[in-house]
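Asker: Dropping the sequence and predicted coords here.
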Amino acid sequence: MLRAGCQLLTQSALPAGKTGGNSFALEFVRWRRKPRWLPVAKSKMFRVPERKKQTEEERTELMRLHNQYKTQLRSVRQFLREEVVRHEETSTADHIVLTPEQEEAEFQKCLDANATWNATIAKERDQRLAKEREEKVAYVQERLEARQLREEEQREQANQRVLREIELSKTFITRENLDAAIETALANPVDHNFAIDLAGNLYQGRKTTTSQAPDANSAPNQQALSN
């Protein structure tokens, strides 16, 4: 109603010149009911609604309907309970109620099947453990052989090093041959100094002159330069 009134107001009261040729309408939206997030009004905060009084006939009719509903619901629950019990009693594969002797035989059969499965699994487990044990023994043996071979190689290298040092010890200067080594060094002086000119000639010794130097194209000179 409010929207229709606003539309009529827009069409009749507003002139066409003020709208600039564009048709528009103003709509005011109001809540039909109070929003649920608003609290109770102060005028209704402490108001206690009066309980409607029932007549004797209305109360009797409501009680009858209530008792009838309860009775029907109790009957449905009892029926479902009996159905569940009957289903549990006939829940075997052939839908036949088993006697205690048959139940005992079925249980013994299950025990025998379980024992057979356990024996099979135990046999497979023993085979698997034996295989793993053999693989572990072979792995340990291989590691031991590799370690033994490595120790032998290290021992051989140590022996060769000892023999080499023993062979080199023959040329060592000891207390006994110290005098002879000194005399040999004095008789055969060695000068490790050398010089090289721009032409690549090698001059051995500290006091060697150009006139005393060997030929530049000689083989020893070329070999020394190459070294």
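Answerer: That came through, no problem. Numbering: from 1, shown residues only.

Asker: Only alpha carbons, please: show stretch 129-139 as PDB.
Answerer: What follows is stretch 129-139 as a C-alpha-only set of coordinates in PDB (Å, rounded to 0.1, in the frame of the first residue of the first chain):
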ATOM      1  CA  LEU A 129      62.400 -65.300   9.900                       C
ATOM      2  CA  ALA A 130      64.700 -68.100   8.700                       C
ATOM      3  CA  LYS A 131      65.300 -66.300   5.400                       C
ATOM      4  CA  GLU A 132      65.900 -63.000   7.100                       C
ATOM      5  CA  ARG A 133      68.300 -64.800   9.500                       C
ATOM      6  CA  GLU A 134      70.300 -66.300   6.600                       C
ATOM      7  CA  GLU A 135      70.400 -62.900   4.800                       C
ATOM      8  CA  LYS A 136      71.700 -61.200   7.900                       C
ATOM      9  CA  VAL A 137      74.300 -63.900   8.500                       C
ATOM     10  CA  ALA A 138      75.500 -63.600   4.800                       C
ATOM     11  CA  TYR A 139      75.600 -59.800   5.200                       C
END
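
Asker: now the helices: where do they sit in this protein?
Answerer: Assigned by DSSP state H, the helices in the chain fall at 2-13, 16-19, 56-89, 100-169, 178-187, 219-226.

Asker: Dump those helices into JSON lines; add distance to residue 48 and mean neighbour count as well.
Answerer: Bear in mind the C-beta positions are built from the backbone N, C-alpha and C, glycine included. Output for those, formatted as JSON lines (distance: least, Cβ to Cβ, whole Å; neighbours: other Cβ atoms under 10 Å):
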{"stretch": "helix 2-13", "distance to residue 48": "35", "mean neighbour count": "11"}
{"stretch": "helix 16-19", "distance to residue 48": "54", "mean neighbour count": "8"}
{"stretch": "helix 56-89", "distance to residue 48": "22", "mean neighbour count": "10"}
{"stretch": "helix 100-169", "distance to residue 48": "66", "mean neighbour count": "10"}
{"stretch": "helix 178-187", "distance to residue 48": "130", "mean neighbour count": "10"}
{"stretch": "helix 219-226", "distance to residue 48": "123", "mean neighbour count": "12"}
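
Asker: Which one, of those helices, ends up nearest to residue 45?
Answerer: For these, proximity to residue 45 was assessed by Cβ to Cβ; helix 2-13 is nearest, at 29.7 Å.
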